[in-house]
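In: Take this sequence and fold it.
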Amino acid sequence: MTSPLLTHVVLANVYNPTPAPWRIITKMAYFAGLIGVIGGCMLHLIVLRPVLRRASVDPRDRAVLHRRTGLHLAVVGTWFLVSLYFQLAGKAARVKGKEIPYGRALEPSSIWNFVQVPAGPGEWVSSGTLALVQYVLWGVSAVLLMLLWIPRVRARLTAVVWAGLVTVFLAYQVTLLPTAPAEETAYDVVDSLLDHLHVFAISTWVGGIAALVALAAGRRRLTPAAGGTWAQLWTRFSTLALTAVGCVLISGLFLAWTYVGSPGELFTTSFGRFLLVKVSLVAAMILVGAVNEFVLMPRIARARNAGEEGSVFRLALRAFPSLAAVEVALAVGVLFVLAFLSGSARDEAHDAAPALSGTIFAVGAVLVVLLAVSFVATAKVSDRLSRHVHAPTDETAGSRQDLERA
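Out: Numbering: from 1, shown residues only. Below is the predicted model:
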C-alpha cells in the first residue's frame, strides 16, 4: 500500500519541482531587471518629471536628481541586458522537453540552436523565433537606457525613457502571440490581459520604490530646501503606488483563483504553500506602505505646514526611504519565492481547469468597486491626518526662534 505522504511528495515533485540554483538566480535577476526598467521609466514620466518642472524646485536639486535618475536607469539597463543573456540560456537548456546542462546552454551556439528550432506540426512560428524577437526588443530597450551613461544623451532623458518604456512594453506583448493558431476562449483573453497587468503594476510599484530609494541615497548633494521637493515626490508617488497596488490585488486574486482550486490547496499542495508565502510577503509590503501613508506622509505634511524645513528634510530623505527600503527587501523575497512557483495547485490536486462564469465576473466587479472605495477612503484619511496642524503657542514659537539663533 502506497503511503499518502509519499504520494503527495511525488506529485509535488512532478507538478512543482524544486528549481536548480542557476534557475533561481537567473529568474530573480531577469525579473529584477524587468521591474527596474518598467518601474524606473514610469517613475520618471509620472512622478519625477512633473515635480521637477515646478518653479518651486531649486535648479541645483533639479540638476542633481536629473543626473542621478539618468545614471540609475543606465545601471538598470546594464543589469537587464546581462540578465537577458542568462535567462535566454535557461530557455535554451530546456528545448521541447530536452534538457542540456546549463553550462553548455550558456554557449552562444546552444542559444543559436534554440532560436533556430523549426516550428512543429500545426505551428505558424516556432517558440524559438518568438523568443528571439522578444529578447531582441528587450535588448534594444536595455541598450537605450544604457546610452544614458553618456552625458549628452542624459540631456534628452525623457525622450530616451519614452523609447525604452515603449520598447519593453512591445517586447512583453510578444508573449500574447500563440505559436499555433487556436480559438481563444474568454478565459484565455482575460487571463493573458490580467497577467500582463499584474507584471506591469507590480513593476511600477516596486521598481518605482527602488528607484526613489536609490535617488534618496544622494541626499548630501541636495540643498536644505530639497525636503519640500521630496515631500512632493513621495505624495505623487503614493497616488501612483496606490493605483498599482489596486491593480496588483485585482489581477493577483484572479491569478490565484486560476492556479488554486480551493483555499485548502494553499496548505495541501507545494504550489499553494509557496503562493501563501508570496502573498504574505506582498501583504507585509502593503503594511509598510500603509505606515508610510498614514504615519510618515501626514508627519511630513504637518512639518511643511509648520515651516520646519529640517524636519521635512529628515523625514522625506531619511525616514521615508528607510521604510521604503524595507519594501524593496520584501520584494526581493517575493522574487525568490517566485522562482519556486511552477505548474499549479490545481494540477497537484487534480482539480478541473478554471472556467469563467457570470458569478466570477460579478465577484470581480464587486472587488473592483470595494477596492476603489477603500483607496479613496485611504487618500481622504491620509489627507485629513495631514491637516491636523496645531497652531504654535508663544512658548513653542519662542523655542523655535531660540533654535534658529543657535
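In: Tell me who's in contact with residue 190.
Out: Applying Cβ atoms under 8 Å, 6 or more residues apart in numbering to residue 190 gives the contacts 254, 356. Where you see a C-beta, it was placed from the backbone N, CA and C, and this is true even at glycine.
In: does residue 120 count as helix, strand or coil?
Out: coil (DSSP: H, G, I helix; E, B strand; the rest coil).
In: Break this structure into its domains for me.
Out: Listed by automatic domain parsing, the domain ranges of the chain are 15-181, 183-393.
In: Out of these, name the one with the poorest average pLDDT.
Out: Least confidently modelled of the domains of the chain is domain 183-393, at a mean of 86 by mean pLDDT.
In: Can you tell me how far residue 63 is from residue 155?
Out: Relative to residue 155, residue 63 is positioned 11 Å away (Cβ to Cβ, to the nearest Å).
In: again, but for residue 344
Out: Per Cβ to Cβ, residue 344 is found 48 Å from residue 155.
In: which one of these two has more residues nearby?
Out: The residue with more neighbours, out of residue 344 and residue 155, is residue 344; 22 against 11, by other Cβ atoms under 10 Å.
In: which residues does the more buried one contact?
Out: With Cβ under 8 Å, 6+ apart, residue 344 has these contacts: 15, 258, 259, 260, 271.
In: how about the nearest residue to the third one, chain neighbours excluded?
Out: Across the structure, with Cβ to Cβ, 6 or more residues apart in numbering as the measure, the residue nearest residue 259 apart from its sequence neighbours is residue 344 (4.0 Å).
In: just the fourth one next, same as before
Out: Nearest residue to residue 260, sequence neighbours excluded (Cβ to Cβ, 6+ apart): residue 345, at 4.4 Å.
In: which residues touch that neighbour?
Out: Contacts of residue 345 (Cβ under 8 Å, 6+ apart): 259, 260, 261, 265, 266, 269, 271, 272, 275, 351.
In: Residue 356 now?
Out: Contacts for residue 356 (Cβ under 8 Å, 6+ apart) come out as 185, 186, 187, 190.
In: From those residues, list the buried ones, please.
Out: residue 190 (16 or more other Cβ atoms under 10 Å).
In: As CSV, the contacts of residue 356 with distance to residue 252 would be great.
Out: Shown next, in CSV, are the contacts of residue 356 (distance: Cβ to Cβ, whole Å):
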residue, distance to residue 252
185, 21
186, 20
187, 17
190, 14
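In: Need the contacts of residue 356 in TSV (columns: secondary structure and distance to residue 227).
Out: What follows is those, written out as TSV (DSSP: H, G, I helix; E, B strand; the rest coil; distance: Cβ to Cβ, whole Å):
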residue	secondary structure	distance to residue 227
185	coil	53
186	helix	51
187	helix	50
190	helix	45
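In: which one among the contacts of residue 356 gets closest to residue 126?
Out: For the contacts of residue 356, the residue nearest residue 126 by Cβ to Cβ is residue 185; the value is 24.1 Å.
In: Going by residue numbers, what spans are helices in the stretch 251-400 of the chain?
Out: 265-268, 270-291, 297-305, 309-314, 320-338, 345-349, 358-387, 394-405 (DSSP state H, counting those that start in this stretch).
In: same thing with the stretch 1-150 of the chain?
Out: 4-15, 21-43, 49-52, 59-92, 102-105, 108-115, 127-146.
In: what about the residue nearest to residue 261 when sequence neighbours are not counted, how many residues close to it?
Out: Using Cβ to Cβ, 6+ apart and skipping residues adjacent in sequence, the residue nearest residue 261 is residue 351, 3.5 Å away. Per other Cβ under 10 Å, the neighbour tally for residue 351 reads 16.
In: before we move on, what about residue 313?
Out: 23.
In: residue contacts, it?
Out: 219, 224, 226, 227, 230.
In: separation between the third one and residue 51?
Out: Taken as Cβ to Cβ, the spacing of residue 226 relative to residue 51 amounts to 11 Å.
In: intersection of neighbour lists for the two?
Out: What both residue 226 and residue 51 touch, as defined by Cβ under 8 Å, 6+ apart, is an empty set.
In: who's more crowded, these two?
Out: residue 226 (25 against 21).
In: Excluding sequence neighbours, find me the nearest residue to the more buried one.
Out: residue 61 (4.6 Å).
In: List the residues that contact residue 330.
Out: Contacts of residue 330 (Cβ under 8 Å, 6+ apart): 281, 282, 284, 285, 288.
In: redo that, cut-off 6 Å
Out: Going by Cβ atoms under 6 Å, 6 or more residues apart in numbering, residue 330 touches 281, 284, 285.
In: burial measure for the residue nearest to residue 77 when sequence neighbours are not counted, as a count.
Out: What sits nearest to residue 77 in space, not counting adjacent residues and going by Cβ to Cβ, 6+ apart, is residue 145, at 2.9 Å. Around residue 145 there are 32 other residues, counting by other Cβ under 10 Å.
In: what's the distance between residue 145 and residue 17?
Out: For residue 145, the distance to residue 17 - Cβ to Cβ - is 35 Å.
In: Closest to the mean position in the chain, which residue would that be?
Out: residue 203 (2.2 Å; Cα atoms, centre = their mean).
In: Against residue 369, how distant is that residue?
Out: According to Cβ to Cβ, residue 203 and residue 369 sit 25 Å apart.
In: Then residue 17?
Out: For residue 17, the distance to residue 369 equals 40 Å [Cβ to Cβ].
In: same thing with residue 227?
Out: Distance from residue 227 to residue 369, by Cβ to Cβ: 38 Å.
In: quick one: which of those two has more around it?
Out: The neighbour count for residue 227 versus residue 369, taken as other Cβ under 10 Å, is higher for residue 227 (26 against 10).
In: For that one, which residues are in contact?
Out: Contact partners of residue 227, counting by Cβ under 6 Å, 6+ apart, are 312, 313, 316.
In: closest to residue 174 among those residues?
Out: residue 316 (39.9 Å).
In: so the closest one makes contact with residue 230?
Out: Yes - contact criterion Cβ atoms under 6 Å: residue 316 and residue 230 qualify, at 3.9 Å.
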